[in-house]
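S.K.: Fold the stuff below for me.
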Amino acid sequence: MIVNEIPKVTYAIIGGSGTWAGEFPETVGLDGVRVLQKDMEFETPFGTTMPMKLIELDGSITADGKARQLLTVPFHGFHGLAPEGCPSEQIFWVFQQAGVKYIVAEGSGGSANPLMDPGDIIIPHDLFDFTKRPSNIHKFTRNIVRMQSPLCPDLRELLIKFAREQYDRVFPRGVYANTEPPRFETETEIKFLQSVGCDISGHTIVPECYLARAIGACYASCYIVSNYAEGVESTNWAGSSIFDWYRGCGQKMGTITLKTIAAIVPDEKHCHCADYLIEVPENVRERIGQ
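M.R.: From the prediction side, this is the model:
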């Protein structure tokens, strides 16, 4: 259903394969969470979004004791297995119009680090972009986006806290390698990713991380390890096994993201995410015709 008026909200959750197996947030079962509106599609300069939901968190579970609303979209806004078109641009255009300042995302990935096993959780602190598609950052800001501390340290701290309530093995840092979907990597490609310090491979942190910075929002993400990347373990795994992990993690991953949004205290944040936009002087804009 096309909705013409974008609700004004400060918070957003980008859902991924971590909550794929259930209806988010209904099947999470967390008290104080209510769906206000569903099946909200928005027309954007980049195309029509996937259906979104408007959710309210009751003051009984928020850090400031006040109800807060948020937008959420499933599977990173993809209209299929691959990001054909501009699904990230679609949802971030909506977030920008809504006034979103805090974004939490979840998903899954393959372990390139032999220390990580399927079923573990990782909250990355950095990323490596191996994609070939443009990010369209210039459509969201006239400034230069600096990628210092690309994943908000304050949001990461909350994700780590609540992930540890749900899982025994949580990696509180790591480098996410974003490769080109919808295929997985070869063994040689994984060896290369390991050689440059990557811990997990996946398909969704880019361009989300860039676009969040471009619209002046804090962004952090949490991933379940769904498989060993090729060559990490000699034991073969069947492709269907990743969905076994997805079927078992939906409630936990949903709880982690919702509790993180509920626990944010904007006045007590110490990050500098909003400072990492380098303003282009007006005389430079005039010279380059911006």
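
S.K.: hey, let's count contacts and neighbours off CA atoms from now on
M.R.: Fine.

S.K.: For the residue found closest to L81 once you drop the neighbours it is linked to in the chain, pull up the helix or strand it's in.
M.R.: Leaving aside its chain neighbours, L81 sits nearest to P182 (6.1 Å; criterion: CA to CA, 6 or more residues apart in numbering). P182 is part of no helix or strand, with elements assigned from DSSP states H and E.

S.K.: Wait, P182 touches E84, no?
M.R.: No. Using CA atoms under 8 Å, P182 makes no contact with E84, being 10.1 Å away.

S.K.: need the contact list for R169.
M.R.: 120-121 (CA atoms under 8 Å, 6 or more residues apart in numbering).

S.K.: now do 6 Å
M.R.: Counting by CA atoms under 6 Å, 6 or more residues apart in numbering, R169 touches D120.

S.K.: That one and P118: what is the separation?
M.R.: From R169 across to P118, the span is 10 Å (CA to CA, to the nearest Å).

S.K.: Give me the neighbour count for V9.
M.R.: Using other CA atoms under 10 Å, V9 has 20 neighbouring residues.

S.K.: Could you do M147 as well?
M.R.: Considering only other CA under 10 Å, M147 is surrounded by 15 other residues.

S.K.: okay, the closest residue to it other than its chain neighbours: pLDDT?
M.R.: Take M147 and drop its neighbours on the chain: the residue closest to it by CA to CA, 6+ apart is Y276, 7.0 Å away. Y276 is assigned a pLDDT of 92 by the prediction.

S.K.: Wasn't I91 part of a helix?
M.R.: Yes. Assigned with DSSP: H, G, I helix; E, B strand; the rest coil, I91 falls within a helix.

S.K.: Tell me, how many residues neighbour it?
M.R.: 29.

S.K.: The one 4 residues further on too?
M.R.: A count of neighbours around F95, defined by other CA under 10 Å, yields 27.

S.K.: ditto for T188
M.R.: T188 has 11 neighbours, counted by other CA under 10 Å.

S.K.: now it: how far from G231?
M.R.: Distance from T188 to G231, by CA to CA: 8 Å.

S.K.: anything in contact with each of the two?
M.R.: What both T188 and G231 touch, as defined by CA under 6 Å, 6+ apart, is an empty set.

S.K.: Now do the helices in the chain.
M.R.: Per DSSP state H, the chain carries helices over the ranges 87-98, 153-166, 187-195, 205-214, 241-263, 282-288.

S.K.: what's across from I55 in the sheet?
M.R.: V35, L70 (DSSP bridges).

S.K.: Pretty sure it sits against L70.
M.R.: Yes. Counting by CA atoms under 6 Å, I55 touches L70, with 5.3 Å between them.

S.K.: From P25, how far off is the residue positioned nearest the centre of the chain?
M.R.: Residue closest to the mean C-alpha point of the chain, counted by CA atoms, centre = their mean, is A105 at 2.7 Å. Going from A105 to P25 by CA to CA gives 14 Å.

S.K.: Equivalent analysis for C152, please.
M.R.: 23 Å.

S.K.: of the two, who's got more company?
M.R.: More crowded of C152 and P25, by other CA under 10 Å: C152, with 26 against 21.

S.K.: which stretches of the stretch 101-250 of the chain have low pLDDT?
M.R.: 235-240 (pLDDT under 70).

S.K.: switch to 80 and redo it
M.R.: By pLDDT under 80, the low-scoring segments of the stretch 101-250 of the chain are 234-241.

S.K.: pretty sure Y102 contacts Y11?
M.R.: Yes. Counting by CA under 6 Å, Y102 does reach Y11; the two are 4.9 Å apart.

S.K.: Give me the nearest residue to I2, chain neighbours excluded.
M.R.: E41 (4.6 Å).

S.K.: What's the separation between the one you found and C271?
M.R.: For E41 relative to C271 (CA to CA), the value is 32 Å.
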